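Colleague: My questions concern the predicted model and sequence given below.
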Amino acid sequence: MDTSVWSLALRRRAEDLAPQERRIVAEWSDLVRDGRIRVVGPIRQEVLSGLRDEAQFAALERRLSPFPDAMIEPADYIQAARFFNLCRRRCVTGGPIDLLLCAVAHRFGWPIFARDTDFDRYSQLLPVRLHRTARTRL
């Protein structure tokens, strides 16, 4: 799951969400209930970054703590670099964390739940799937 979804679900107040964002958070909640959520360390770091207040940080850290980490293997970094090079050859710029997430998801066969349209481009070039449901169509 990409940082964009985690941030929407855990950092934004429900009353501040647009209807489309509420549907994404509802889908996220369904996945949590089903035990289908994993996080990778760099995504955890991104979600926790940028908080100005230590109390907010601690509260968010507690909210993230129940979610298991998908372990990153050395081969995932190599695969992420391969994915980066493939995307670059096709004129698609990919961020290192995005492509590491793609590599881990590819290894486990997991779909990626993301709001970031970069993942739409990655999924056209790389052997990764996106999580799509009626709730999450953007």
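Modeller: Nice, thanks for sending it over.
Colleague: Now the residue nearest to residue 21 when sequence neighbours are not counted: which helix or strand?
Modeller: Of all residues not flanking residue 21 in the chain, residue 8 sits nearest, at 5.7 Å (CB to CB, 6 or more residues apart in numbering). Heads up, the C-betas are built off the backbone N, CA and C, glycines and all. In this assignment (DSSP states H and E), residue 8 forms part of helix 3-10.
Colleague: Domain ranges for the chain, per the record?
Modeller: As assigned by automatic domain parsing, the chain contains the domains 3-64, 74-125.
Colleague: Show the end-to-end separation of the shortest one, please.
Modeller: End-to-end span of domain 74-125 (CA to CA, to the nearest Å): 22 Å.
Colleague: how near is residue 112 to residue 56?
Modeller: 27 Å (CB to CB, to the nearest Å).
Colleague: which one of these two has more residues nearby?
Modeller: residue 112 (21 against 13; other CB atoms under 10 Å).
Colleague: Which residue ranges of this protein form helices?
Modeller: Secondary structure of the chain (DSSP state H): helices at 3-10, 19-33, 41-48, 54-64, 74-89, 96-108, 118-125.
Colleague: Throw the ones you listed into JSON lines and include mean pLDDT and distance to residue 132, thanks.
Modeller: As requested, these are exported to JSON lines (pLDDT from 0 to 100; distance: least, CB to CB, whole Å):
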{"stretch": "helix 3-10", "mean pLDDT": "93", "distance to residue 132": "13"}
{"stretch": "helix 19-33", "mean pLDDT": "92", "distance to residue 132": "10"}
{"stretch": "helix 41-48", "mean pLDDT": "95", "distance to residue 132": "19"}
{"stretch": "helix 54-64", "mean pLDDT": "96", "distance to residue 132": "24"}
{"stretch": "helix 74-89", "mean pLDDT": "98", "distance to residue 132": "20"}
{"stretch": "helix 96-108", "mean pLDDT": "97", "distance to residue 132": "14"}
{"stretch": "helix 118-125", "mean pLDDT": "96", "distance to residue 132": "10"}
